Every structure is written in C-alpha cells, then in structure tokens.
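# Whatever this is, show me its structure:
(chains A and B, ligands or ions: 2)
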Protein chains: 2
Amino acid sequence: IAGAAAVAHAQEDPLPSWNDGETKSAIVAFVEAVSEEGGPDFVPVPERVATFDNDGTLWAEQPMYTQLAFAIDRVKALADQNPDWKTTEPYSSILKGDIAKAFPNGVKDVLKVVLATHSGLTSDQYAAVVRDWLETSRHPAKGAAYTKMVYQPMLELLAYLRSNDFKTFIVSGGGIDFMRVFTEEVYGVPPEQVMGSSAKLKFDIVDGAPVLLKQPEMDFIDDGPGKPVGIGTHIGRKPIAAFGNSDGDLQMLQYTCLPPGPSFCLYVHHTDAKREWAYDRKATFGKLDKGLDAAASHGWTVVDMAKDWRVVFPD
Amino acid sequence: IAGAAAVAHAQEDPLPSWNDGETKSAIVAFVEAVSEEGGPDFVPVPERVATFDNDGTLWAEQPMYTQLAFAIDRVKALADQNPDWKTTEPYSSILKGDIAKAFPNGVKDVLKVVLATHSGLTSDQYAAVVRDWLETSRHPAKGAAYTKMVYQPMLELLAYLRSNDFKTFIVSGGGIDFMRVFTEEVYGVPPEQVMGSSAKLKFDIVDGAPVLLKQPEMDFIDDGPGKPVGIGTHIGRKPIAAFGNSDGDLQMLQYTCLPPGPSFCLYVHHTDAKREWAYDRKATFGKLDKGLDAAASHGWTVVDMAKDWRVVFPD
Ligand SMILES: [Ca+2]
Ligand SMILES: [Ca+2]
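Ligands and ions are numbered 1, 2, ... in the order given. Purely as a prediction, here's the structure:
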C-alpha cells in the first residue's frame, strides 16, 4: 500500500525531486500557462522549444568537465604511441598532471586536445571510444559512473516538459559527438536534438564503406554568443524556455527571454557543498557571475540547489 | 458516394498519385519491411531517418532554381538604392537579364548574391522578405505560386513515411532560412528538420531586442559531400532512406545506402517534358549524370516521372 501511494503521488507530482517553493511553482505555472488552450499565454505545440545546457545544468562539472577527464585519460592511453608528447605542450603538462598549465583557456583548450587526439577517426570509431570510456570510468570524488552524475530533478524537468509537448534540445559547449553517445539513453534527447561544439568532418568512402572522418580543426564553438547562433542555424526558431548554469549560457537566455511573449529562463545555482559543490562567481569550471546579475535584473528563476532539490543524483 | 469511395481508396492506398509498378512497389516493400516488428529488416523507430533534397526532388527547379528567381527579383527591387550595381558584376548582368553571365558557377553564385543583398538583416526580417516574395511571385512558365510547384507524389511519400514513424528531414543546397519560411506548411517538415546552405550569423541585442544578424559570408554549403557532413553534424546518425534528383545528392545516397543493413535510395528522374520538364545528364540546373550511373550499378530506385506519377502537381 505504501508503494502504491508513492506511485500515485508521483503521478500527481511530475517533479517529485523538487521541494515545494517559489522555484518549483514558477516552473509549473509557466508550463501550465503555455499549455492552456485559449489562455492568454498559450503557445502552439510546434513553438514549444526548450534548450538545456549540459555541463553543470544536466550533469556535474566538478572537479573538472567530464570531457576534460576523458581528454586526460586519452592522452595517457595514447602516450606510448606518441613519444614526442613527453616534450610537447599541452601533452607534457597533461602527462605530468599539471592541468592548469595544460588548459589555460578552459574549454577551448580541452576541445583542441580532444580534436588532436582523435583526428582521422571516423564518427563511429570515436563514438565507440567514448562509449567504452564512459562505461569503464568513474568520477574521482563520487565513485559513480559519469552517466550517473546527472541531476534527478533535471531529468524530471525534461520529462515534464516533453509530457506537455515541448521538444527538448541540448545546447552545450561540449563536443557534439561526445554527448550524443549518451544523451538519448540518459536524457531522452535524440542525437538530432543535441547541439555542441564540433570538429570539421570529411566524407569519404574507405574500402567501399562511407565514413565521416574527424578533421583536426574546430568547426563551431557552441558557447556564449555561439549558443543563440547555433540555435538559429540548427533549430531555426527561438526557444520559449532555456536552462543553464553559467555565463556561457547568458546569450542563450537573453535570446530566449528578452523578446516579448511567454518565456521561461532558469539558472541552476550550485549552492550545495554537501551533496554536490558550491561555486559561482569565481569558479574555474562553470563561472556564474554576469548571469547571476542578469537573472536578478530580469527576474529569471534561479535554482538554489541546496534548498530547491530534494535529491540531487538518481538512486 | 463517389466521393466516399475516393476517400476509402485514399485510405487504403497511401500513395494514390503513384501509378502501380516497380517504383511504387519498391517504396511500399521497403517501408513495410523496416516497420515489421520481429521481421528480418525491422528498424527501431528512432533510427527511421529519411532525408530529402528539395530543388527538383520536392519542388520544380526549371527554368531556374526558385531561389535564383528570388535573387534576381531582389536585385531589381534594390537597384535604385544601389546605383553602383549598374556597373558592378554580377548585378550589372542580372539587371540586364544575362543570367548565364551573372552566375557562371551555378548555385554558389546564387547564394552569394542572396547573401550580399540581405547581409545585415535579422533572420526575422529576411524571413518576412521571403514570405512576401513567395506570396506575390508566380512561376514564369506555369503561372502558379512557387509553393504550388511541389510534387504531389512526394508530398504523399513524406506523409506515408511519417505515418510509419519515420522522421523526415530536408537536406538541400538551397538557403536554410529561405526554405524554413515554407517547409512546415507545405511539406510538414518543421524548421529544426531542415538543413541547407547558410550564412554566418551574429548574435546582438539591438534596442533591447535579441537578434541574429545575417553576415556577408557563407558558413556552410550543403551540396555534394557537404550533404553527408551536414547530416553528421545536424542529425548525428545515418539515414536509412534518402531521396534526390541530381549529382549533388550522390554522396548523401552513398552515405545512406552503401553500408550494410536495410536502406532505400531513390532518384527522381525528370522524364516528363509534357507535364513538367525532361532533363538529366546535360542540365544546367539539376544535372543527373554520375548519379544515374550509380543508381544503375547499386540498384537504387529511379522514378520515371512520366510513367510513375499519375499527377505531378497538386490540384
Ligand atoms: Ca554549463
Ligand atoms: Ca536537387
């Protein structure tokens, strides 16, 4: 009977991992308003586009971006085949464990190393490398698989939006083909609804088989002003809801919420040093400074993780 | 009673504008095979991706690409504001009506002129210009609105695939934001499922309003090997069905149909000088030469428009 009651409650409450309060109420009020046929804020189904950042919004990004951990492991795994890396930056610093020296410019440097170490692989071969790494690697602080370092409240939010006929997209600075390995299974977001930073690709036919080969050159950086640009190219219409956690999401939130009409913008504020991490204006990964000011001035919703989330990670 | 019988027949036959024969049978056999749960060729729903070229595959491209007619009209409309165009190529030739001299390199030149004449507009402003032009312009030979110059059999094919849980995408060399103005209403394909050639965009906030400004520089040419590359970036998985009409589609068809596993590739062959146009190996717009040889050698389906299509354009 207790189990049945829990199920009944879960059916009533689409966001059981969110504590009652202003944040949860704001989410529900927005979704109900745009879904109410004939209501003043009704939005037709095809326009119900919601975009989500990934690192720090859907899954953890501390003590470093997951893709950075991947890049480091790949450099170590490939070091024997590349003896010159011992004396070539940034590989030399990576191999010595000096991450700050290896990646002075943050995510762009990380992408470069991922690129350089996987250039010439086909898209399928690269996906296999990522899949294998995700299956065997564990988070250094929490010991969990990286695909379990996702936020349960955000999984519920994705499902809640989709149950109200929203189309959910990921718009992340991370590598597009890195994310696509797990986004469908973990977030319910199919590859065609994932945008990210990308390398140039080259079409070729090798031994009769058509392949896309990863090139050693960035094609697109999906961060900051790149996010609305990528949305314009990939989706071709403005989202009505956007979710992020850092200054790199600010332009996406502006693009979504500055125009007139019903819209919803939300920042995840990492305030939970006990269950997750607490960081904002001074963070190395996931700096939230201008974004916090913009949220205050525009009245965007800010998740206080410690207060608003009943649980952080899935069981 | 005749009307009711026609409706009943239409319900039975998802492709009423296709004459019975090998082509129609091949389409139906493929769709039934991949949809048959437990069958040897079953394909799970998320992998049922179908990609369609636009010009010459979904709508007419003679006597010139529709977007070329648009570009010419725009140059004429803007000529008074640009007196230097009288002596500057390619504008001078366009204004004199010498189209061959103005566009020696085909679609790339067309895109350049469209770019140059609309740089600085926001995406929304450009869409309004295109919408207005499509509403007021008529095809020079047929007198119909361009959005009525679409192929009824292909509209039925799009709907038939979607009714069997395919996701339908457009992958065209044409301008992405030109197509998105009409693809949802005319083809039932939403903007996020449209890929095309694109200009660089710049995000800005003008008078408090967030905008994407068209830049005078191409970002991506979605033609030839660009088609599988664009599919790799935008969709992130191989189609299982691809539809085209020219050599510019060859790599998309190779990418779709050379790998093992169930797949379907189709070329629309323009053989109908009476109801539409007849052209292939020597055509200026929509040249089908290598593609015709590849179709023969790989056993891809080739539509003989004069024979396979009961009607060409909608009533
Ligand atoms: Ca982030
Ligand atoms: Ca074509």
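# Now residue A:216: closest residue in space, sequence neighbours ignored.
Closest residue to residue A:216 apart from its sequence neighbours, by C-beta to C-beta, 6 or more residues apart in numbering or on different chains: residue A:119 at 3.8 Å. In short, each C-beta sits where N, CA and C put it, glycine included.
# At which residues are the helices of the stretch 151-300 of chain A located?
Secondary structure of the stretch 151-300 of chain A by DSSP state H, counting those that start in this stretch: the helices cover A:152-163, A:176-179, A:183-187, A:226-234, A:250-257, A:290-298.
# so the fifth one versus helix A:226-234, what angle?
Using axes from the mean of the first three to the mean of the last three C-alpha atoms, to 10 degrees, the inter-axis angle of helix A:250-257 relative to helix A:226-234 is 50 degrees.
# residues making contact with helix A:250-257?
Helix A:250-257 is contacted by residues A:51, A:53, A:171, A:224-225, A:227-228, A:231, A:238-242, A:244, A:263-265, A:267, A:290-291, A:294-295, A:298, A:300, B:203, B:205, B:210 when judged by C-beta atoms under 8 Å, 6 or more residues apart in numbering or on different chains.
# how about the residues of chain A that lie near chain B?
Contacts of chain A with chain B, taken as C-beta under 8 Å from any C-beta of the partner chain, map to A:46, A:49, A:123, A:167, A:169, A:176-177, A:180, A:184, A:190-194, A:198, A:201-203, A:205, A:208-210, A:212, A:219, A:225, A:228-229, A:232-237, A:251, A:254-255, A:258-259.
# Narrow those to those that are buried.
Using 16 or more other C-beta atoms under 10 Å in any protein chain shown as the burial test, the residues of chain A next to chain B include A:49, A:123, A:167, A:169, A:176-177, A:180, A:184, A:190-194, A:198, A:201-203, A:210, A:212, A:219, A:225, A:228-229, A:232-237, A:251, A:254-255, A:258 as buried.
# picking that back up, count the residues that sit near the residue nearest to residue A:216.
Other residues lying near residue A:119 total 15 when counted by other C-beta atoms under 10 Å in any protein chain shown.
# That one touches residue A:215, doesn't it?
Yes. In terms of C-beta atoms under 8 Å, residue A:119 counts as a neighbour of residue A:215; the distance is 6.3 Å.
# picking up where we left off before, for the helices of the stretch 151-300 of chain A, give me TSV that also has mean pLDDT.
Below are these laid out as TSV (pLDDT from 0 to 100):
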stretch	mean pLDDT
helix A:152-163	98
helix A:176-179	97
helix A:183-187	98
helix A:226-234	98
helix A:250-257	98
helix A:290-298	98
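# and residue B:147, which of these is closest to it?
Nearest to residue B:147 among these is helix A:226-234; the distance by C-beta to C-beta comes to 23.1 Å.
# shared neighbours of residue A:119 and residue A:215, anything?
With C-beta under 8 Å, 6+ apart as the test, residue A:119 and residue A:215 both reach residue A:199.
# quick one: which helix or strand includes residue A:42?
Using DSSP states H and E, residue A:42 sits within no helix or strand.
# dump the residue contacts of the closest residue to ligand 2 within chain A.
With C-beta to the ion as the measure, residue A:203 is the residue of chain A nearest to ligand 2, at 17.7 Å. Listed by C-beta under 8 Å, 6+ apart, the contact set of residue A:203 reads A:210-213, B:225, B:228-229, B:251, B:255.
# farthest pair in these?
Farthest-apart pair in the contacts of residue A:203 is A:213 and B:251; separation 13.3 Å (C-beta to C-beta).
# Perfect, that will be all.
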